[in-house]
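Enquirer: Take a look and give me a structure for this.
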Amino acid sequence: MLKYAEVGKLDMVASLYWTKERGKVYTYTEPYLMNEARVFVLKNKKFKLEKLEDLIGLMGGTPYGGGSYGDKFDLFTKKHLDLVKATSKQQHINLILNERVDYFILDYQDGMIYLKNNELENKIVPLDYPISTTKVHFAFSKLSPCINLLESINRFIVNSTTNGIIKNITHKYIK
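Expert: Predicted coordinates:
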């Protein structure tokens, strides 16, 4: 998907975090959501997580291909963490239920919705410490003719954020 947007075969990508590298390739809207990435663990295998360094020495899982939780976390990951790249949320679930990993990382809202929909919220839980808090944007291909809609989309995002529309929409999915 990201490659298609980069080369102009896709106009826009939803739910993308800004990184320095991506900023060279895509034009971002105003953020419409703040999202926390969290560490999810088996409920009976919780551990103390107060800083990223607490993950060193553990085996973790993260989304395969294109996933980013911000420049700071991405750099820390490359230097210090052992991560298995999962191709789907179900693969994350299988890895942790079979204790092949100690934890997996997902966006908090996305992870909670998935756990709830699959009746797993009593087996797998998020730890309290967010590993990153990141603004979520729509991102346009710099080659897209739709980029001329950026100003009006930004106005809509700002208005919808200010008057609570976006909060009301997201609140329906996470309780």
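
Enquirer: Can you classify G8 by secondary structure?
Expert: The local conformation at G8, judged by DSSP: H, G, I helix; E, B strand; the rest coil, is coil.

Enquirer: Name the single longest helix found in the protein.
Expert: In the chain, taking DSSP state H as the definition, the longest helix is helix 150-162.

Enquirer: Against which helices or strands is that one packed?
Expert: Applying 3 or more C-beta pairs under 8 Å, 6 or more residues apart in numbering; DSSP states H and E, one finds that helix 150-162 makes contact with helix 165-171. In this view, the C-beta of every residue, glycine as well, is placed from N, C-alpha and C.

Enquirer: Pull the distance from the helix it packs on to the chain's centre.
Expert: In this view, helix 165-171 has its centroid 18 Å away from the chain centroid, taken as C-alpha atoms, centre = their mean, to the nearest Å.

Enquirer: Equivalent analysis for stretch 141-155, please.
Expert: Using C-alpha atoms, centre = their mean, the mean C-alpha position of stretch 141-155 is found 23 Å from that of the whole chain.

Enquirer: returning to what we had before: and the longest helix of the chain, what's buried?
Expert: Counting neighbours by 16 or more other C-beta atoms under 10 Å, one finds that the buried residues in helix 150-162 are L150, I153, I157.
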